[in-house]
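A.B. asks: below are the sequence and a predicted model; questions follow.
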Amino acid sequence: MDKSFTERRRRELLVAASLAVAAALVPLFVKNPNVQNIMILTLMFGALSQSWNILSGYCGQISLGHALYFGLGAYVTTLLFVKFGVLPWFGMIAGGIFCALIAMALGYPCFRLGGHYFAIATIVIAEIGLLLIQNWEWAGAALGIEMPVRGDSWLKFQFARSKLPYFYFALALACVAWFVTWWLEDSKWGYWWRAVKDNPDAAQSLGVVVFDSKMGAAAVSAFLVAVGGSFYAMYVSYIDPGSVMGFQFSLLMALPAVLGGIGTLWGPLLGAVILIPLTELTRSYIGGSGRGVDLIVYGTLIVLIALARPEGLIGLFSRKGATR
Amino acid sequence: MTAETIIQSLASGLLMGLLYGLIAVGLALIFGLMDVVNFAHGEFLMLAMYVTFFLFTFFAIDPLLSAPLAAAALFVLGAAVYLLIVRFAMRAKANVGMVQIFATFGLAIVMRGLAQLLFTADYRSVPHSWLGGKTVSVAGIFLPQPQLFGALVAIAAFGGLYFFINRTDFGRALEATREDPGAVALVGIDKNRVFALGWGIGGALVGLAGAIMATFFYIYPDVGASFALIAYVTVALGGFGSVFGAFAGGIVVGLVEATTALVLPPSLKSVGIYAVYLLVVFVRPRGLFGSM
């Protein structure tokens, strides 16, 4: 048992490394910028969903307000760069740490809430953040804020000529999010989180510090999502409150994990690989002419997958290989 | 700020709050019955507003008269959504909560897409209805007629619902199924029929609200989203599943919104509602009237 477990862990790492190498080679053959854009977004949402999964999947605290951390990450990086000339690399880390702290500060009162009360609190808090930034003149208010173009360099994380650097950064982000999850899965924290998710009272009585577990999950999750938000701000180089902190981002982070398999290692990436290209393609091919048809296709798919495979699409794979 | 403006806005806040209660009560009823949050509730409201709009535009039926028709249409929709989607979502063996959220959320997206496709994204309104744009003056306070009428309908609907739940056989079946869905089967109650009825009534109530909303609010495919979050907050404030709680929650939300609008710029008026929600659940984690 113990041996096969270690072996499985090693195999997962190997599979992930092979997939990462394979993904890194794809842009050498696929030069179409629209397709590259879809690949970047897929990797980014895969990473975001993987991070969301840490708090909501493993630890079982369903957050529908992670857009707050995505948006704050984007704003911290952009504002530091535009107003104070701080390089985006530092802005990214600053945004991450800022959001981890915010997540813990919010977690302090919120983690006492159960189920739907918690989920609605997360929506409401993200919504307050959105409204406040929309009314904050210094940060560009509802109009948003533009990242001035300062050349083409890794130092300033701006690339005018090619999408490749963005692609590799998004890939790295997805790898980091996956690796953090993989590593935490078998750590003290991973076991605590699953215990908290399954039965908080039993976990408490067995000596798991339930509150600290939730705080830890929230901090890691928010940090990674904020870095994703920073990346997005650099990538699109123009942000406004609705486009980085709107409710739709909270859902776009949750959906891949739910469709792929919530609380699983591979679920979020699998979900993102299916969902994001589908979203982008229906939007660009049907959305323009059909007005609303893209939403109909997308929504129908969500309903069908939710009903047909409640454990997520990852369930299709787990029969053969590593069952839990 | 004079005393008059304060009384004026509190009075309109109270009326709007009763209407919020009417929008939210269907959600509370369904949740209380079967622990399911309908994430397409806002889209139910949107559809009721369109039903009212089209009955007015094509058949010149005033929203006051078409309100029962909108309620009937939404009753059918609610029951159908239960029988075709939610019934199956509840059978899930894993992630039951998430499956319910995303099954109804997917439905919401489909409904929004259908509205865009069939009705276009244009903003519609019901001009020159019997109530629209008119006010009543009571002791120097001006009350808009649509909201005043909506508040009366809300009070009547709550009264009717109270009677229905406590005094009729169907109501008793509803209450029994809610307490123990397994046991009611033994006395010959079909659980699915009761749940479908609950969804139907929940739909009909938001249908009534939609018909009234249509007389003073723009109608467009995304209109439900603006009210859905307020409805969730209303229901949670009252304590999930408590029908009386939704009524009280609506009044609190309406008054808080009106008060916030007095002190903060209009674009921030929802902040007050959200802040009050957080304050309440931080002190009472199960809402104002939820069982502790």
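C.D. replies: That came in fine, so what should we check first? Numbers count the residues shown, from 1 in each chain, chains lettered A, B, ... in the order given.
A.B. asks: not counting sequence-adjacent ones, nearest residue to residue 52?
C.D. replies: If you meant another chain, say so; for now it's chain A. Setting aside the residues directly before and after it, residue A:52 is nearest to residue A:253 in space (C-beta to C-beta, 6 or more residues apart in numbering or on different chains), at 4.4 Å. Yep, even glycine has a C-beta here, placed from its N, CA and C like the rest.
A.B. asks: please go with chain B instead
C.D. replies: residue B:214 (3.9 Å).
A.B. asks: cool, residue A:194 as well?
C.D. replies: residue A:58 (6.3 Å).
A.B. asks: what about that neighbour, neighbour count?
C.D. replies: Neighbours of residue A:58 under the rule other C-beta atoms under 10 Å in any protein chain shown: 26.
A.B. asks: quick one: contacts for it?
C.D. replies: A:181, A:184-185, A:190, A:193-194, A:197, A:217, A:263 (C-beta atoms under 8 Å, 6 or more residues apart in numbering or on different chains).
A.B. asks: nearest to residue B:102, of those?
C.D. replies: Of all the contacts of residue A:58, residue A:263 has the smallest distance to residue B:102: 14.6 Å, by C-beta to C-beta.
A.B. asks: what about the helices in the stretch 51-200 of chain B?
C.D. replies: B:63-81, B:87-89, B:96-119, B:145-167, B:169-179, B:181-186, B:191-213 (DSSP state H, counting those that start in this stretch).
A.B. asks: of the ones you listed, flag the one that's most buried.
C.D. replies: helix B:191-213 (a mean of 25; mean count of other C-beta atoms under 10 Å in any protein chain shown).
A.B. asks: average pLDDT across that one?
C.D. replies: If you average the pLDDT over helix B:191-213, you get 92.
A.B. asks: check stretch B:72-87 too.
C.D. replies: 95.
A.B. asks: would you mind listing what in the stretch 1-150 of chain A touches chain B?
C.D. replies: By C-beta under 8 Å from any C-beta of the partner chain, the part of the stretch 1-150 of chain A that sits against chain B consists of A:62, A:109, A:112-117, A:120-121, A:123-125, A:127-128, A:131-132, A:134-135.
A.B. asks: just the buried ones from the residues you listed?
C.D. replies: For these, a burial check counting by 16 or more other C-beta atoms under 10 Å in any protein chain shown picks out A:62, A:113, A:116-117, A:120-121, A:123-125, A:127-128, A:131, A:134-135.
A.B. asks: quick one: the closest residue to residue B:185 other than its chain neighbours from chain A, how far?
C.D. replies: Spatial nearest neighbour of residue B:185, chain neighbours left out: residue B:191 (6.2 Å); criterion: C-beta to C-beta, 6+ apart. Remark: distance between residue B:191 and chain A (C-beta to the nearest C-beta, to the nearest Å) = 19 Å.
A.B. asks: residue B:178 is in contact with residue B:191, correct?
C.D. replies: No. If you go by C-beta atoms under 8 Å, residue B:191 and residue B:178 don't touch, sitting 10.5 Å apart.
A.B. asks: for the residue in the stretch 51-200 of chain A positioned nearest to chain B, give me its contacts.
C.D. replies: Residue nearest to chain B within the stretch 51-200 of chain A: residue A:124 (4.3 Å; C-beta to the nearest C-beta). Residues in contact with residue A:124 (C-beta under 8 Å, 6+ apart) are A:65, B:229, B:233, B:274, B:277-278.
A.B. asks: out of these, the closest to residue B:9 would be?
C.D. replies: Once C-beta to C-beta is applied, the member of the contacts of residue A:124 that ends up nearest residue B:9 is residue B:274, at 18.9 Å.
A.B. asks: could you pull up the contacting residues of that closest one?
C.D. replies: Contacts of residue B:274 by C-beta under 8 Å, 6+ apart are A:124-125, A:127-128, B:233.
A.B. asks: what about the buried ones among the residues of the stretch 1-150 of chain A next to chain B, which are in helices?
C.D. replies: Using DSSP state H, the members of these that fall in helices are A:116-117, A:120-121, A:123-125, A:127-128, A:131, A:134.
A.B. asks: confidence-wise, which of the residues you listed comes last?
C.D. replies: Out of these, that is residue A:116, at 81.
A.B. asks: please tell me I have it right and residue A:291 contacts residue B:120.
C.D. replies: Yes. Under the criterion of C-beta under 8 Å, residue A:291 makes contact with residue B:120 at 7.1 Å.
A.B. asks: give the contact list for the residue nearest to residue B:52.
C.D. replies: Here residue B:214 is in contact with B:48-49, B:52-53, B:56, B:63, B:126 (C-beta under 8 Å, 6+ apart).
A.B. asks: so of those residues, which ones are in strands?
C.D. replies: Within the contacts of residue B:214, no residue falls in strands by DSSP state E.
A.B. asks: closest to residue B:205 among those residues?
C.D. replies: residue B:48 (9.9 Å).
A.B. asks: residues near the closest one, how many?
C.D. replies: Other residues close to residue B:48 by other C-beta under 10 Å number 33.
A.B. asks: do the same with the one 5 residues further on
C.D. replies: Residue B:53 is surrounded by 21 other residues when neighbours are defined as other C-beta under 10 Å.
A.B. asks: residues contacting it?
C.D. replies: Applying C-beta under 8 Å, 6+ apart, the residues near residue B:53 are B:124-126, B:214, B:219.
A.B. asks: switch to 7 Å and redo it
C.D. replies: Listed by C-beta atoms under 7 Å, 6 or more residues apart in numbering or on different chains, the contact set of residue B:53 reads B:124, B:126, B:214, B:219.
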